[in-house]
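K.L.:
Build the 3D model from these lines:
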Amino acid sequence: MRRARNFCAALALAALPAPAFAQEFPQVFDGLFGPTNVTQAPRRVVSLGYVAHDDLLALGVVPVGLRYWYGPYPQGVWPWAEAALRGESPEVLRGEISFERIALLDPDLIYAVSSGISAQEFRMLSRIAPTIASAPEYGAYNTPWDALALGIGRATGHAAEAQARIDAIRARFGEIRDAHPEWAGMTAVAATYSGGAPAVFLPGDARADVLINLGFRIPEALEPHRGESFYRELSPEDLAPMDADLILWIGGTAKAAEVAAMPLRPALRASRTGGEVWADELMAGALGHATLLSLPWVLDRLPAEIAAAADGDPLTKVPSAQAAGLIR
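P.N.:
As a prediction, this is how the structure comes out:
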């Protein structure tokens, strides 16, 4: 089994363009604040990106420190990644960046992609250890999940495994699409509703991209807004832009009771046809993380919910929507 995995990883590496993901060191990373030179595979990594620790753990690298994002998990690691900690307890870094705490961890690499650090913070962190910031083409927070994973793989000497895991996730999306060719002709949105404010996630955000990668297309009314932001707020009096065959309601800050009571919700096509799926806090968190560990977790659970919701029969029970009280 190990030989087979190693062979697959070798094939994946061979398919990569050279020298972009070669594992020789040094490796140079182009960032928002200038290049970063990583001279050797690191042994002590501090993860400042809000989800980067997931990909490190997926590649067998337990960071010495990780950035807490949100959620009821004091260790900063959500359930799909807990086993990858292998019993270790990284320092959890909360709130504003503390240079003193990071220095005490004695890192030889600080991975700060999608962390929102400033130029001054980058300079301070770089005095502690080589610091990798987001690439200019993605900006402070918008690094795609696969680019994030590939960067982590290259920085830690695990590019082949990172590519193999990305390929496996892409293949899984393809298998699900092949099993549901009817989805290719359907529209879908990932949406939220909190405090009377509806919003939809746009292509480029993982919550929308998961639906697109499963074969759905976004409503035509949203097409002009591609690339504007990761989401778009809508008027409570005009939900037409989110009218679709399928709505994936993203929980967390949004409450199911608020969504169920939306005044114009009954007019939405998905509401009339039973085409609504509820992403509870755990599913919403997994979609928001969009990592090498959370995406397989999503793909193990979400497609069955979507299949029930997208069959066009309002009498088909969608377990997540029923549990949330969206349907009776």
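K.L.:
List the buried residues of stretch 110-119.
P.N.:
For stretch 110-119, a neighbour-count test (16 or more other C-beta atoms under 10 Å) marks 110-117 as buried. From N, CA and C alone the C-beta is placed, and that goes for glycine too.
K.L.:
would CSV of those with pLDDT and secondary structure be doable?
P.N.:
Formatted as CSV, the buried residues of stretch 110-119 follow (pLDDT from 0 to 100; DSSP: H, G, I helix; E, B strand; the rest coil):
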residue, pLDDT, secondary structure
110, 98, strand
111, 98, strand
112, 98, coil
113, 98, coil
114, 96, coil
115, 97, coil
116, 95, coil
117, 97, coil
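K.L.:
mind giving me CSV with those and columns for distance to residue 77?
P.N.:
Below are the buried residues of stretch 110-119 laid out as CSV (distance: C-beta to C-beta, whole Å):
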residue, distance to residue 77
110, 19
111, 16
112, 18
113, 18
114, 17
115, 17
116, 20
117, 21
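K.L.:
And those residues, which is closest to residue 324?
P.N.:
residue 114 (29.6 Å; C-beta to C-beta).
K.L.:
low pLDDT regions in the protein?
P.N.:
For the chain, the stretches with pLDDT under 70 are 1-22.
K.L.:
Who are the packing partners of whichever strand in it runs longest?
P.N.:
Identified as the longest strand of the chain according to DSSP state E is strand 188-194. The elements that strand 188-194 packs onto, with contact taken as 3 or more C-beta pairs under 8 Å, 6 or more residues apart in numbering; DSSP states H and E, are strand 197-201, helix 206-213, strand 246-250, helix 256-260.
K.L.:
Which of those sits closest to residue 47?
P.N.:
helix 206-213 (18.2 Å).
K.L.:
name the helices or strands packed onto that closest one?
P.N.:
Checking 3+ C-beta pairs under 8 Å, 6+ apart, helix 206-213 ends up next to strand 188-194, strand 197-201, strand 246-250, helix 281-289, helix 294-309.
K.L.:
Sheet partners, orientation included, of the third one?
P.N.:
Each strand paired with strand 246-250, and its direction, by DSSP bridges: strand 188-194 (parallel), strand 276-279 (parallel).
K.L.:
Quick check: buried residues in the first one?
P.N.:
For strand 188-194, the buried set under the neighbour-count rule, 16+ other C-beta under 10 Å, comprises 188-193.
K.L.:
Put together TSV for those, with distance to residue 323 on each row.
P.N.:
Listed next are the buried residues of strand 188-194 as TSV, based on distance: C-beta to C-beta, whole Å:
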residue	distance to residue 323
188	20
189	21
190	19
191	18
192	18
193	18
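K.L.:
how about the helices in the stretch 1-150 of the chain?
P.N.:
2-14, 52-58, 79-82, 99-104, 119-126, 145-156 (DSSP state H, counting those that start in this stretch).
K.L.:
Can you tell me which of the helices and strands packed on helix 206-213 is most buried?
P.N.:
strand 246-250 (a mean of 27; mean count of other C-beta atoms under 10 Å).
K.L.:
Nearest residue to the middle of the protein?
P.N.:
Residue closest to the mean C-alpha point of the chain, counted by C-alpha atoms, centre = their mean, is residue 290 at 1.8 Å.
K.L.:
excluding its backbone neighbours, what's nearest it?
P.N.:
Leaving aside its sequence neighbours, residue 290 sits nearest to residue 206 (C-beta to C-beta, 6 or more residues apart in numbering; 3.4 Å).
K.L.:
you'd agree that neighbour is up against residue 291?
P.N.:
No. In this structure residue 206 lies outside contact range of residue 291 using C-beta atoms under 8 Å: 9.2 Å.
K.L.:
Comparing those two, which residue is more hemmed in?
P.N.:
The neighbour count for residue 206 versus residue 291, taken as other C-beta atoms under 10 Å, is higher for residue 291 (28 against 22).
K.L.:
dump the residue contacts of the more buried one.
P.N.:
51, 54-55, 58, 81, 145, 148-149 (C-beta atoms under 8 Å, 6 or more residues apart in numbering).
K.L.:
With that, I have no additional questions.
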